[in-house]
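> here you go, sequence then predicted model.
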Amino acid sequence: IKTPQGKQNFLNYLIGEKLLEQEALFKNLQQDPQYQQEINDIIKQQEESLKRAKEFLLKKKLMEELYNQGVTYVSEDEIKNYYKKYPYEIKILQIVLNDALEAAQVMNAVKSTKTQNSFKEAVARFSKDPLAKQNKGALEPFIPGEYLPEIEVPAANSSVGQVQGFIQTPLGFHIIMKVGEDKLTYNQAKERIRTILEKQKLDDYLNSLK
C-alpha cells in the first residue's frame, strides 16, 4: 500500500467488503434464523469470557491488596526459618486404593517389600491412580508443605525403603514407600518455600472468610 496502485487496490478491497455487508442488510439476511443463532452463540461466548475476565481481575486485585497489607506477604526470615526445619525434599512411590478393605489386603501383600522394583510392580497391579501406569507410583519430589500432610508426616518419619500405610486422604487410601530424601540448598528451596508459606497464609485467610 506504499504505491498509488497498491493504495487503490486496498481501497477497492475495503469498498467491496462494505458493499457485501450493505447488500446482505438490503436482502434482510440479518433476520435469517441460522445467522441469528450464530450471533447469539457469539454473544454468549463473549459474555462468558467477560464474566471470567471480571472474576479473574477482581481476585487478582484482592491478592495484590492482601500482599500489600501483609496478609500473604512472606519475609526472608520466615523462609529461612522454614528452611531450617525442612532443608530437604522427599521422594516416594505410592499405591492409591478406593476402599479400606482392599487397602488392608494390599498392605499385607507389600509390607515386607524391600526393593523399588517390586513396589513398582505392586503399583501396576493394584493402584487405582489413573497415572499409576505412566509414573509407576512416583510423585514429584516434595518439600514438606507441598503435598498432603497426611502423607508428608509418615514419609518424613520413615527411613528410605520403608513401606507405610495404609493412610486415608481425600484422594483415597495410600500405601507409600520412601525412596529418597535429598538435601536442598537455600537457593534451590527458597521460592518453593515462599509458595508454601504464601499458600498457608492464603488458606488461613480463606478459613477466616468461611
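It's in.

> going forward, measure contacts and count neighbours with C-alpha atoms only.
Fine.

> mind listing what's buried along the helix or strand containing D203?
D203 is located in helix 186-209, with elements delineated by DSSP states H and E. Neighbour-count burial for helix 186-209, counted by 16 or more other CA atoms under 10 Å, picks out A189, K190, R192, I193, R194, I196, L197, E198, K201, L202.

> how about the fourth one, what does it touch?
Same thing as I193. Contact analysis of I193 by CA atoms under 8 Å, 6 or more residues apart in numbering lists I79, Y82, Y83, I143.

> change it to 7 Å
Taking CA atoms under 7 Å, 6 or more residues apart in numbering, we find I193 in contact with I79.

> with just CA atoms, put the lowest-mean-pLDDT helix or strand in the chain into PDB.
Among the helices and strands of the chain, helix 132-135 carries the lowest confidence by mean pLDDT, DSSP states H and E, at a mean of 80. Only the C-alpha atoms of helix 132-135 are listed here, as PDB (Å, rounded to 0.1, in the frame of the first residue of the first chain):
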ATOM      1  CA  ALA A 132       0.000 -45.100  38.100                       C
ATOM      2  CA  LYS A 133       0.900 -47.000  34.900                       C
ATOM      3  CA  GLN A 134       2.600 -43.800  33.500                       C
ATOM      4  CA  ASN A 135       4.600 -42.800  36.600                       C
END
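
> elements contacting that helix?
Contact analysis of helix 132-135 by 3 or more CA pairs under 7 Å, 6 or more residues apart in numbering; DSSP states H and E lists helix 116-126 as its packing neighbours.

> mind saving the C-alpha coords of the helix it packs on as PDB?
C-alpha atoms of helix 116-126 as PDB (Å, rounded to 0.1, in the frame of the first residue of the first chain):
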ATOM      1  CA  GLN A 116      11.600 -50.200  44.500                       C
ATOM      2  CA  ASN A 117      11.100 -52.500  41.500                       C
ATOM      3  CA  SER A 118       8.900 -54.900  43.500                       C
ATOM      4  CA  PHE A 119       6.900 -52.000  44.900                       C
ATOM      5  CA  LYS A 120       6.500 -50.600  41.300                       C
ATOM      6  CA  GLU A 121       5.200 -54.000  40.200                       C
ATOM      7  CA  ALA A 122       2.600 -53.700  43.000                       C
ATOM      8  CA  VAL A 123       1.700 -50.200  41.900                       C
ATOM      9  CA  ALA A 124       1.000 -51.600  38.400                       C
ATOM     10  CA  ARG A 125      -1.100 -54.400  39.800                       C
ATOM     11  CA  PHE A 126      -3.200 -52.600  42.400                       C
END
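
> for that helix, what is the average pLDDT?
Mean pLDDT, helix 116-126: 90.

> how far does stretch 98-116 stretch from one end to the other?
23 Å (CA to CA, to the nearest Å).

> show me the contact partners of it.
For stretch 98-116, using CA under 7 Å, 6+ apart, the contacting residues are L97, F119, G161, V163, G165, F166, G172, F173, I175.

> pairing partners for the nearest residue to the fifth one once chain neighbours are set aside in the sheet, please.
Nearest in space to G165, with sequence neighbours left out and distances taken as CA to CA, 6 or more residues apart in numbering, is I175 at 4.5 Å. Beta-bridge partners of I175, counted by DSSP bridges, are I95, G165.
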